[in-house]
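J.: Structure of the sequence below:
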Amino acid sequence: MDLTEAAAAVRQNAYAPYSNFKVGAAVKSRSGKVYRGCNVENTAYPEGTCAEAGAIAAMVAAGESSLTEVAVIADSPEPVTPCGGCRQKLFEFATSDAKITMASVSGKIVTMNVSDLLPGAFVKSQMEKH
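T.: Here you go, the predicted structure:
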């Protein structure tokens, strides 16, 4: 199963009763293992969990700290990019050349590097200076 298929499979488990917008994500760690996550909403709407954050959390819980590839698929006719918070999370855990594939349920795909998705990312060294 490739990364986009892994993201599509976990998207089916998403809990999105308020938006009806299911998202699945899969990340491949430096070791080659795949971790998946889906969005989870609740009535305190902004307190939900994004699919990308869930996949990263699963990777970290397994003792890994670096990802090399990401796939995200959403209930949309066009590929959608991760939200700003998830872009930052992906950037912090990604290798410099990590690829992100954004897919739609209609089969459209856009691929780029994580660094291209967030050109103005916060970097730990910048935060330590303040």
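
J.: Check which helix or strand E92 maps to.
T.: Assigned by DSSP states H and E, E92 falls within helix 84-93.

J.: Going by neighbour count, which residues in that helix are buried?
T.: By neighbour count with 16 or more other CB atoms under 10 Å, helix 84-93 contains the buried residues C86, R87, K89, L90, F91, E92, F93. No exception for glycine: its C-beta is placed from N, CA and C like everyone else's.

J.: Can you list the strands that whichever helix or strand comes after it pairs with?
T.: Going down the chain from helix 84-93, the next helix or strand is strand 94-104, by DSSP H and E. Using DSSP bridges, strand 94-104 pairs in its sheet with strand 67-74 (parallel), strand 109-113 (antiparallel).

J.: quick one: contacts of strand 94-104?
T.: Applying CB atoms under 8 Å, 6 or more residues apart in numbering, the contact partners of strand 94-104 are 3-4, 7-8, 30, 66-74, 76-82, 90, 109-115, 117.

J.: Could you double-check that Y35 sits in contact with A58?
T.: Yes: here Y35 reaches A58: they are 4.1 Å apart, a contact under CB atoms under 8 Å.

J.: related to what we said a few turns ago, and the buried ones among the contacts of strand 94-104, selectable in ChimeraX?
T.: A single ChimeraX command selects the buried members of the contacts of strand 94-104 (16+ other CB under 10 Å):
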select :3,4,7,8,67,68,69,70,71,72,73,74,76,79,80,82,90,114,115,117
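
J.: Helices of the chain, residue ranges please.
T.: Here the chain has its helices, by DSSP state H, at 3-11, 51-61, 84-93, 114-117, 124-128.
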